[in-house]
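J.: just need the structure, nothing else, for what follows:
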Amino acid sequence: MALSHSLGFPRIGRDRELKKALEAHWKGELDEAGLQAVGRELRAAHWQVQKDAGIELLPVGDFAWYDQVLAHSLTLGVIPERFRPHSGKPSLDTLFSMARGVSQGCCGGAHAQELTKWFDTNYHYLVPEFTADQRFQLSWEQLFDEVAEAHALGHRVKPVLIGPLTYLWLGKVKGDAGGANCFDKLELLDRLLPLYGEILGRLAAQGVEWVQIDEPILGLDLPQDWKNAFERAYHLLQHAPLKKLVATYFSGLDDNLGLAVGLPVDGLHVDLVRAPEQLPLLLDRLPAYKVLSLGVVNGRNVWRCDLDKALAQLQQAQERFGANLWVAGSCSLLHSPVDLNREDQLDGELQGWLAFAVQKCAEIAILARAVNQPQAAEVQAALAESRALQASRAGSSRIHQAAVQARLNAITPADSQRISPFVERIDKQRARLQLPALPTTTIGSFPQTAAIRLARQSFKAGKLSAAAYTEAMHSEIRHAVDVQENLGLDVLVHGEAERNDMVEYFAEQLDGYAFTRFGWVQSYGSRCVKPAVIVGDLSRPRPMTVEWIRYAQGLTDKVMKGMLTGPVTMLMWSFPREDVSREVQARQLALAIRDEVQDLEAAGIKIVQIDEAAFREGLPLRKAQWADYLAWASEAFRLCASGVRDETQIHTHMCYSEFNDVIESIAAMDADVITIETSRSDMQLLEAFEAFAYPNDIGPGVYDIHSPRVPDTHEMVNLMRKAAQRIPVERLWVNPDCGLKTRAWAETEAALVNMVAAARQLRSELA
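T.: Here you go, the predicted structure:
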């Protein structure tokens with residue numbers, strides 16, 4: 001009989017209970033016992049809801065207090081020296097210090113571990129730090145405790161581990177480049193594998209039958225030595241006394257298919273949503289005595305599964321694998337909202353088209369039953385409902401807009417080119433802006449206080465009039481402008497008090513989007529986002545930001561930036577359509593944003609920042625697919641930015657990224673100024689901009705806004721000196737790593753005081 005299982009479930013809770021508990025704990029309002037109680041309640045609820053939906057084999061180890069990679073680092077004893085507790089035994093305080101940094105106390109102002117994107121998702125993980133003398137030891141009992149919890153509740157479970165090769169791949173070597181401490185992290189594998197053997201032995205002793213070992217790097221272009229290491233590692237682990245399912249996702253196996261099917265493990269999971277074309281080869285090459293787990297329900301989007309299409313794939317596999325066929329989501333449901341039944345304001349048609357994590361579990365279960373009992377009345381009813389909903393969506397009038405499609409078809413190459421090249425534009429911009437060397441600015445947002453959130457909620461609930469709401473936001477803008485002027489910043493922002501989210505705010509004003517109330521997804525730690533849903537063709541019916549920015553500019557003689565979100569980020573941080581390409585959706589968004597850019601320029605705004613935080617995130621995992629993506633993604637940015645005069649300066653911002661492989665495409669975006677997150681990497685990310693000789697201006701972030709830690713002026717000066725070794729000083733800006741909405745005013749002002757002082761010190765050194 002085909003078996004239904006889950007690779008992982010969202011940990012935040014239907015009402016973001018984990019977020020609220022974490023933040024209360026960090027504020028000292030909830031002790032560790034209370035936090036642990038919330039964790040137990042959430043795990044019990046999530047196991048039960050999956051079981052009730054029909055999932056037969058439940059995941060354990062998918063729960064994490066901040067990030068699953070960080071939890072794995074603690075399990076393996078990979079704790080940087082600056083966080084190592086005196087007792088040698090890590091605690092939750094250790095975990096949170098590694099994630100958030102420490103301003104004072106035992107660790108003496110230790111900076112947090114680097115944060116970066118989990119493959120091509122908007123989830124962030126804490127990058128493991130490896131040293132030449134790295135030792136691995138079992139240091140964290142959370143996984144075993146949770147297995148015991150689940151068993152006590154009567155559940156049949158499958159622990160989830162990050163595989164040894166993927167874990168090493170995700171980490172970074174800490175040491176001087178080319179120096180004595182520099183080494184190949186793959187050398188650590190032989191030290192790491194015995195600990196994996198110990199973990200598997202412990203799980204077997206707890207009565208575990210199956211363990212899921214996630215190796216998503218099998219979907220990447222791997223060097224040959226890493227491929228060879230897979231064979232060596234799993235031959236050594238094959239003697240562990242339980243069954244092993246190696247899980248891959250986010251990409252097809254492609255040239256690694258032969259490697260994956262030949263591993264001495266008991267089963268293989270593949271993502272058929274991302275790579276359906278790999279099924280025939282898998283059916284031909286994977287031994288039938290192994291389990292084949294097919295990810296046929298999309299774990300990364302909110303649309304209902306086309307059950308007929310998924311069932312056809314499963315039936316092909318059933319002919320060969322029979323009872324060794326498992327049914328699952330494409331990946332962990334971590335990337336999906338929790339429960340569609342929580343929504344109370346969606347129209348019936350749209351709600352019928354959607355499925356969140358709970359509903360996806362039910363889809364997985366009904367597909368497994370459809371394989372086992374195809375004629376069952378419940379199965380036939382579910383298939384009939386699926387067909388009707390798919391037809392309803394395809395034929396709905398809310399999907400296709402003739403005017404949008406006509407405008408898209410009328411685009412010419414000239415629409416995505418600035419009037420003059422950068423070397424000519426920048427002279428005109430400098431003459432107009434009259435900024436000092438190393439100009440200081442911020443990325444856009446300022447703290448979203450309780451008063452701001454209350455005003456927004458009251459306005460949406462009809463308890464606050466439009467005039468009263470506008471005045472409340474104007475008051476916040478005035479405060480933000482006053483603070484910036486007092487601090488001495490050179491280029492100001494209005495603070496984005498009126499914006500709930502950098503994507504949702506714009507999506508709410510565009511035709512073609514839909515919204516949920518409770519569709520929250522974890523981004524990192526306690527940070528959750530609520531992606532909007534692209535339902536149909538996209539357009540801008542009216543200006544979105546002009547009046548707010550015009551008001552802010554009227555408060556100051558200094559330059560005020562207009563702040564927008566770029567088309568690729570709007571797309572990547574939304575739940576996209578599945579009936580048209582990402583390129584089509586990005587170009588529709590670009591045209592809408594282009595209209596806003598031109599309106600801001602007409603309102604007298606001299607600098608417009610178009611954030612493309614997700615540009616690198618959208619890059620396909622396989623290099624063979626890069627060229628196509630990079631071409632349309634950079635063209636979409638140029639399309640939205642190129643309708644202005646030379647004198648108008650276009651900025652963009654990008655979040656944590658490895659830029660080396662895409663630096664030419666970033667340059668092809670032709671933004672006048674790019675700001676990037678570099679402080680956690682100690683400016684190492686700038687090496688890409690140096691090696692390529694990036695031609696335009698750049699603002700490397702000098703402090704990490706994802707941590708409550710306030711760096712001092714000396715630290716920021718040193719970072720900018722490192723930047724100046726790579727980038728000519730006349731092309732450098734000084735700014736934080738990212739927007740400041742998640743921070744408090746006190747720490748924000750303290751950090752910006754130091755940042756402005758750092759810029760002034762450097763200017764005096766240049767004089």
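J.: show me the shaky parts of the protein.
T.: Residues of the chain meeting the criterion pLDDT under 70: 103-109, 175-181, 656-658, 680-682, 767.
J.: find the centremost residue of it, please.
T.: residue 122 (1.4 Å; CA atoms, centre = their mean).
J.: list the contacts for it?
T.: For residue 122, the contacting residues are 521, 523, 529, 572, 573, 614, 617, by CB atoms under 8 Å, 6 or more residues apart in numbering. For the C-beta atoms, the positions are set from N, CA and C on the backbone; glycine is no exception.
J.: next secondary structure after the host helix or strand of residue 586?
T.: Per DSSP states H and E: residue 586 is located in helix 582-602. With elements assigned by DSSP H and E, the helix or strand that comes after helix 582-602 is strand 607-611.
J.: quick check: neighbours of that next one in the sheet, parallel or antiparallel?
T.: Here strand 607-611 is paired, per DSSP bridges, with strand 559-565 (parallel), strand 649-654 (parallel).
J.: quick one on the thing from earlier: return the set of buried residues in the helix holding residue 586.
T.: Buried residues in helix 582-602, counted by 16 or more other CB atoms under 10 Å: 582-601.
J.: which helices and strands sit right next to that helix?
T.: For helix 582-602, the packing partners by 3 or more CB pairs under 8 Å, 6 or more residues apart in numbering; DSSP states H and E come out as helix 402-409, strand 533-539, helix 546-553, strand 559-565, helix 567-572, strand 607-611, helix 626-641.
J.: for residue 550, see how far away residue 477 is.
T.: Note on residue 477: its distance to residue 550, by CB to CB, to the nearest Å, is 11 Å.
J.: more crowded one of those two?
T.: Ranked by neighbour count (other CB atoms under 10 Å), residue 477 and residue 550 place residue 477 first, with 22 against 18.
J.: the more buried one touches residue 493, doesn't it?
T.: No. The criterion here is CB atoms under 8 Å, and residue 477 misses it with residue 493 at 9.7 Å.
J.: return every residue with contacts to both of the two.
T.: residue 552.
J.: burial count for the residue nearest to residue 578 when sequence neighbours are not counted?
T.: Counting by CB to CB, 6 or more residues apart in numbering, residue 578 lies nearest to residue 303, which is 5.7 Å off, once chain neighbours are set aside. When neighbours are counted by other CB under 10 Å, residue 303 registers 19.
J.: cool, residue 421 as well?
T.: 12.
J.: ok, now the one 5 residues further on?
T.: Other residues within reach of residue 426 by the criterion other CB under 10 Å amount to 20.
J.: repeat that for residue 540.
T.: By the criterion of other CB under 10 Å, residue 540 has 20 neighbours.
J.: my read: it touches residue 595, true?
T.: Yes. Counting by CB under 8 Å, residue 595 is a contact partner of residue 540 at 5.2 Å.
J.: one step back: as JSON lines, the strands paired with strand 607-611 with distance to residue 94 would be great.
T.: Formatted as JSON lines, those follow (distance: least, CB to CB, whole Å):
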{"stretch": "strand 559-565", "distance to residue 94": "36"}
{"stretch": "strand 649-654", "distance to residue 94": "31"}
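J.: the nearest residue to residue 520 once chain neighbours are set aside: which element?
T.: Counting by CB to CB, 6+ apart, residue 520 lies nearest to residue 528, which is 4.4 Å off, once chain neighbours are set aside. According to DSSP H and E, residue 528 maps onto strand 527-529.
J.: where does residue 383 sit: helix, strand or coil?
T.: Counting by DSSP: H, G, I helix; E, B strand; the rest coil, the backbone at residue 383 sits in helix.
J.: which non-adjacent residue is nearest it?
T.: Using CB to CB, 6+ apart and skipping the chain neighbours, the partner closest in space to residue 383 is residue 307 (5.4 Å).
J.: what's the answer for residue 324, then?
T.: In this structure, residue 324 finds its nearest non-sequential neighbour in residue 291, 4.8 Å apart by CB to CB, 6+ apart.
J.: surely residue 295 meets residue 6?
T.: No. If you go by CB under 8 Å, residue 295 and residue 6 don't touch, sitting 10.6 Å apart.
J.: more neighbours: which of these two?
T.: It is residue 6, of residue 295 and residue 6, that has more neighbours when counted by other CB under 10 Å, with 30 against 26.
J.: who are the contact partners of the more buried one?
T.: Taking CB under 8 Å, 6+ apart, one finds 50, 55, 57, 58, 59, 328, 329, 332, 333, 361, 364 in contact with residue 6.
J.: ok, so of those residues, who is nearest residue 249?
T.: residue 332 (7.8 Å; CB to CB).
J.: my guess is that closest one meets residue 11, correct?
T.: No. Between residue 332 and residue 11 there is no contact under CB under 8 Å: 9.9 Å.
J.: who touches both of the two?
T.: Any residue near both residue 332 and residue 11 by CB under 8 Å, 6+ apart counts here, and that gives residue 62.
J.: between the two, which one's more packed in?
T.: Per other CB under 10 Å, whichever of residue 332 and residue 11 has more neighbours is residue 332, with 28 against 21.
J.: look up the closest residue to the more buried one, ignoring the ones flanking it.
T.: The shortest distance from residue 332 to any non-neighbouring residue, by CB to CB, 6+ apart, is to residue 8 (2.9 Å).
J.: go on, residue 733?
T.: Among residues not flanking residue 733 along the chain, residue 699 sits closest, at 3.3 Å (CB to CB, 6+ apart).
J.: then residue 407?
T.: Among residues not flanking residue 407 along the chain, residue 591 sits closest, at 6.0 Å (CB to CB, 6+ apart).
J.: quick one: the one you found and residue 408, what's the gap?
T.: Computed as CB to CB, the residue 591 to residue 408 distance reads 7 Å.
J.: and the helices in the stretch 601-750 of the chain, which stretches?
T.: For the stretch 601-750 of the chain, the helices defined by DSSP state H, counting those that start in this stretch cover 626-641, 663-669, 687-691, 713-724, 745-766.
J.: show me the contact partners of the fourth one.
T.: The set of residues external to helix 713-724 that reach it, using CB under 8 Å, 6+ apart, is 438, 678-679, 682-683, 686, 700, 702-703, 732, 734, 754-755, 757-759, 761-762.
J.: and for the third one?
T.: Contacts of helix 687-691 with the rest of the structure, by CB under 8 Å, 6+ apart, involve 658, 659, 660, 663, 694, 698, 726, 727.
J.: check those residues and tell me the two furthest apart.
T.: The most widely separated members of the contacts of helix 687-691 are 658 and 727, with 17.8 Å between them, by CB to CB.
J.: good, wrapping up.
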